[in-house]
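J.: here is my input; please provide its structure:
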Amino acid sequence: MNSPFQYNRPLQAPEVLGRAAGADWLASNLLRGLHSVVWDKPKTGKSSFINKVLAQIRKNEQAPLICRLSCFNIRSEHSFYAALTNALFGCVANTLGEWENLAATLLPASKPGVPIPNHRENEFSLVFSNDLPAEAYSELARFPQAFSMHLNRPVIMVLESFQTLAEFSGTSARSLLQKMAELWKGMKNVTWLICGSGSTTSAGYSVFRKLFDDRRPFYRFAEHIPLDPIEEKEFTDYIIRSFAKAGRVISRDFAGMIYQKMEGHPYYVQYLADICFSNTKGYMNDSMYQSGLEELLDIFQQPFECICQELTTPQIYFLRAVSQGVEQFCSIEVMDKYLLKSSGNVSRIRDALERKGIIETVRKKPHFIDPLFKFWFEERFCKTYWLT
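T.: Numbering: from 1, shown residues only. I've put the predicted structure just below:
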């Protein structure tokens, strides 16, 4: 039978576990017109969480219009405005006439075309000239406000994978982000929800701190809504119920071990639970649990090896120290044991690993960002003769 565990797609609102308080907080913010930002580590359930929040908002009798746009493939100011405008049009316009009339009314300077879709396409879209005049760019930059006023309805604009916009090359990113922040602050009836994360091979996870910290473009623009961890009891109850629906049995101890080994990470907990579910025909036992762990490590062996191949030897030794719970990295004993040389070198190594998205420093103590990479690093990578 199909597995009850979902980890390869965002969950719909009824499927989302926990995080009720955070969902209520964010929904209240957006309904009151307060800009908000959600960021966290990769695959921690941000899209699923937002699905839950937006479903709550839509239940409101006077719910704002919700428009959702992913910025993952946007690489220029022109493409951002085009994507944003098309997303807003798509929320209200269905026929060719509606697209053309709305464009003529709201975009007189931009003058986009609305080509008729061919037999392979089902949706209309606006097509903009590559050499738009300055007044057209100004029109597009302010379009969400004009769109809201035209509809006489508040708009919630959800921008996902927002870190992509901050990774434009050169000065274009800084100027674009500064322009956005200033314009969006003055827009009435348009509320922005910004969200995203980085990958384990980039500095994307720290992008949001750089955008929203003091003296940054989005400083005090939005309230940060943290993603609370899903409580162990709620997750273990869900695992036990899911096994039981298929006539299979997993004890609370094993369900708790799955949660704890993956440190409550939603994606990895679901993934490991799915493997254990597939290995279990009746009652799950320790052999099935251990084989599930090994299978999960095998699945991620290659990408984790690629991460380590890009690390220097001092960085590897630093990670070994982190995995062994070292806190006083600049002590002579630690620097000698892990070949870290000097306190200045320790700082450089830590900064490099943070930029790579492998560790984060919390209360002056470095931690692995990815719990499965941490487990793999300890169990497989470090068990070599030269690191003993």
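
J.: okay, CA-based contacts and neighbour counts for the rest of this
T.: Fine.

J.: in the stretch 51-200 of the chain, where is pLDDT below threshold?
T.: Along the stretch 51-200 of the chain, segments meeting pLDDT under 70 span 119-121, 167-173, 198-200.

J.: could you pull out the helices for it?
T.: Here the stretch 51-200 of the chain has its helices, by DSSP state H, counting those that start in this stretch, at 77-92, 96-106, 134-141, 143-151, 172-185.

J.: could you chop the protein up by domain?
T.: In terms of domains, the chain is parsed into 19-224, 232-299, 303-387 (source: automatic domain parsing).

J.: looking at those, which is nearest to Asn8?
T.: domain 232-299 (8.2 Å; Cα to Cα).

J.: what's the spacing between Pro64 and Pro266?
T.: Shown here: Pro64 relative to Pro266, a distance of 30 Å by Cα to Cα, to the nearest Å.

J.: now do Asn8
T.: Distance from Asn8 to Pro266, counting by Cα to Cα: 11 Å.

J.: more neighbours: which of the two?
T.: Per other Cα atoms under 10 Å, whichever of Asn8 and Pro266 has more neighbours is Pro266, with 19 against 10.

J.: correct me, but the more buried one touches Pro42?
T.: No - Pro266 lies out of contact with Pro42 (Cα atoms under 8 Å); the separation is 10.4 Å.

J.: that older thread, make a markdown table out of the helices of the stretch 51-200 of the chain and add distance to Leu126 and mean neighbour count.
T.: Shown next, in a markdown table, are the helices of the stretch 51-200 of the chain (distance: least, Cα to Cα, whole Å; neighbours: other Cα atoms under 10 Å):
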| stretch | distance to Leu126 | mean neighbour count |
| --- | --- | --- |
| helix 77-92 | 6 | 18 |
| helix 96-106 | 8 | 15 |
| helix 134-141 | 12 | 16 |
| helix 143-151 | 14 | 18 |
| helix 172-185 | 21 | 15 |
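
J.: output these in TSV; the columns should cover distance to Gly113.
T.: Listed next are the helices of the stretch 51-200 of the chain as TSV, based on distance: least, Cα to Cα, whole Å:
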stretch	distance to Gly113
helix 77-92	12
helix 96-106	8
helix 134-141	14
helix 143-151	16
helix 172-185	25
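
J.: picking that back up, show me the one of the domains of the chain that comes nearest Pro4.
T.: Of all those, domain 232-299 comes closest under Cα to Cα, at 6.0 Å.

J.: what's the spacing between that closest one and its chain's center?
T.: 24 Å (Cα atoms, centre = their mean, to the nearest Å).

J.: per-residue confidence at Ser3?
T.: On pLDDT, Ser3 comes in at 83.

J.: any idea which element it lies in?
T.: Using DSSP states H and E, Ser3 sits within no helix or strand.

J.: ok, it to Leu11 distance?
T.: From Ser3 to Leu11 the distance is 14 Å (Cα to Cα).

J.: do Ser28 as well
T.: 21 Å.

J.: now do the contacts for Thr85.
T.: 140, 143-144 (Cα atoms under 8 Å, 6 or more residues apart in numbering).

J.: now do the strands in the chain.
T.: 36-39, 65-70, 155-160, 190-196, 223-224, 359-362, 365-368 (DSSP state E).

J.: CA atoms of the third one as PDB?
T.: Put plainly, it is strand 155-160. Listed next in PDB are the C-alpha coordinates belonging to strand 155-160 (Å, rounded to 0.1, in the frame of the first residue of the first chain):
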ATOM      1  CA  VAL A 155      -3.900  42.000  -1.000                       C
ATOM      2  CA  ILE A 156      -1.600  39.600   0.700                       C
ATOM      3  CA  MET A 157       1.500  39.100  -1.400                       C
ATOM      4  CA  VAL A 158       3.400  35.900  -0.500                       C
ATOM      5  CA  LEU A 159       7.000  35.800  -1.800                       C
ATOM      6  CA  GLU A 160       8.700  32.400  -1.400                       C
END
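
J.: what's near enough to touch His35?
T.: With Cα under 8 Å, 6+ apart, His35 has these contacts: 29, 191-193, 221-223.

J.: Tyr289 now?
T.: Contacts of Tyr289 (Cα under 8 Å, 6+ apart): 254, 276.

J.: before we move on, what about Arg9?
T.: Contact analysis of Arg9 by Cα under 8 Å, 6+ apart lists nothing.

J.: from Ala273, how far out is it?
T.: From Arg9 over to Ala273 (counting by Cα to Cα), the distance is 16 Å.

J.: for Thr313, which of the strands of the chain is the nearest?
T.: strand 359-362 (16.0 Å).

J.: quick one: strands adjacent to the closest one?
T.: strand 365-368 (antiparallel) (DSSP bridges).

J.: Ala321: neighbour count?
T.: Using other Cα under 10 Å, Ala321 has 19 other residues around it.

J.: so what's the nearest residue to it once chain neighbours are set aside up against?
T.: Spatially, and ignoring its direct neighbours in sequence, Ala321 is nearest to Tyr338 (7.0 Å; Cα to Cα, 6 or more residues apart in numbering). Taking Cα under 8 Å, 6+ apart as the contact definition, Tyr338 lies against 314, 317-318, 321.

J.: pLDDT at Glu295, what is it?
T.: 97.

J.: for it, grab the count of nearby residues.
T.: Neighbour count for Glu295, taken as other Cα under 10 Å: 15.

J.: and the nearest residue to it once chain neighbours are set aside, how many neighbours does it have?
T.: Nearest non-adjacent residue to Glu295, counting by Cα to Cα, 6+ apart: Ile275, 7.8 Å away. By the criterion of other Cα under 10 Å, Ile275 has 19 neighbours.
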